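**Q** Need coordinates for the following:
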Amino acid sequence: MFLKKMVKKMVVLGTGGTIAGTSDVAGDNIGYTAAQVGVGQLLQAVPGLTALLEMYGVALEFEQVAQVDSKDMDFCVWHALTARVKHYLAQPDALGVLITHGTDTLEETAFFLHAVLPSNLLAKPVVLTCAMRPATATTPDGPQNVLDAVAVVLDVKSAGVMAVCAGAVHSAVDVQKMHPYRVDAFGSGDAGPLGYVEEGVVRWVRIFDEKGSEVRVKYHYFATKNIANMIELPRVEVVMSHAGATGDLVDALLMQSGADPARPLHGIVVAATGNGTIHQLLEAALLRAQAAGVTVVRATRCPMGRVLPAAQSAFQDSDGLSPVKARIALMLGLLESQCASTR
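**A** The predicted model follows:
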């Protein structure tokens, strides 16, 4: 008796974004409408995709999880997306999951998935890709980004949540949108990319250390893994320190929170200047908020580097996360604490 060899598959989940955008004017890279093309149609328009998958003997499966402009990304989409990613990663024949996404909040979705997906499932890759130009552009960047992302999913060294854009592979922890328009809009700050896709082959630069031992990006895992049971995340807002900043916004948030018990404020992330410095008026308001029971976390608004923690600081440090990722980490951390207190 001969056992039939299992055919492996790659799963693509569509969420919309510029990569699925269209314009009535051919070649218009600004005045387009995002999230118009379905993921199936999007994949059909990628030259060489079918041949590449056939060469590897890999089947393709796709699903439209959402169809949104990523500036409007929210927890409901994250909830649905996480459920589908978990569903497919758990299947023995699935090599990994590719997600088509808008660029505006790609780094947030990537980090959220990185934080909530179980570590055993992340032995397989979850790769987010995107485009800075719509599908109707004269030279759209989406098809090449998809091909590059497929190459990363198929690479035997791939694991964890990553983002692929303009030939570079970034970790979910480090990736940030660095430019509002260029096709190479993403970077990984001081850490640098995990690798590069060169003519369909991935060249890893952060997989092995100098001794030849395999290295993985550090994970920020949370004990609260059952996102299916999450109704909502604790409310956390982001404020920025700048010249002439005041504490008015923080005070208004506290006042609104007190007046509306249904939407209590649980945390604030401050995007501080430089090495975590905060305007004195804003700092005074944040101290008032902290005294009122609101958790305050300090990040830097600088796209490169991280805040060097100081012993005398009155606020928690973001552990090198950008303000928007620090917000996600704080929401999940607060949720974990709430769950622990009710056990």
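
**Q** Can you verify Phe62 is assigned to a helix?
**A** No: assigned with DSSP: H, G, I helix; E, B strand; the rest coil, Phe62 falls outside any helix and is strand.

**Q** Where does the closest residue to it other than its chain neighbours sit: helix, strand or coil?
**A** Closest residue in space to Phe62, ignoring its immediate chain neighbours: Val12 at 4.2 Å, by CB to CB, 6 or more residues apart in numbering. C-betas here are computed from N, CA, C, even on glycine. Secondary structure, three-state DSSP: Val12 is strand.

**Q** surely Val12 meets Thr100?
**A** Yes: if you go by CB atoms under 8 Å, Val12 and Thr100 touch, sitting 6.8 Å apart.

**Q** intersection of neighbour lists for those two?
**A** Jointly contacting Val12 and Thr100 under the rule CB atoms under 8 Å, 6 or more residues apart in numbering are Val39.

**Q** Of the two, which one has the most company?
**A** Thr100 (28 against 25; other CB atoms under 10 Å).

**Q** The residue nearest to Phe62: what's it in contact with?
**A** By CB under 8 Å, 6+ apart, the contact set of Val12 is Val39, Leu43, Leu60, Glu61, Phe62, Glu63, Val97, Leu98, Ile99, Thr100.

**Q** okay, these in JSON lines with distance to Gly160 and pLDDT next?
**A** Formatted as JSON lines, the contacts of Val12 follow (distance: CB to CB, whole Å; pLDDT from 0 to 100):
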{"residue": "Val39", "distance to Gly160": "23", "pLDDT": "98"}
{"residue": "Leu43", "distance to Gly160": "23", "pLDDT": "98"}
{"residue": "Leu60", "distance to Gly160": "22", "pLDDT": "97"}
{"residue": "Glu61", "distance to Gly160": "21", "pLDDT": "98"}
{"residue": "Phe62", "distance to Gly160": "22", "pLDDT": "98"}
{"residue": "Glu63", "distance to Gly160": "21", "pLDDT": "98"}
{"residue": "Val97", "distance to Gly160": "12", "pLDDT": "98"}
{"residue": "Leu98", "distance to Gly160": "14", "pLDDT": "98"}
{"residue": "Ile99", "distance to Gly160": "13", "pLDDT": "98"}
{"residue": "Thr100", "distance to Gly160": "19", "pLDDT": "98"}
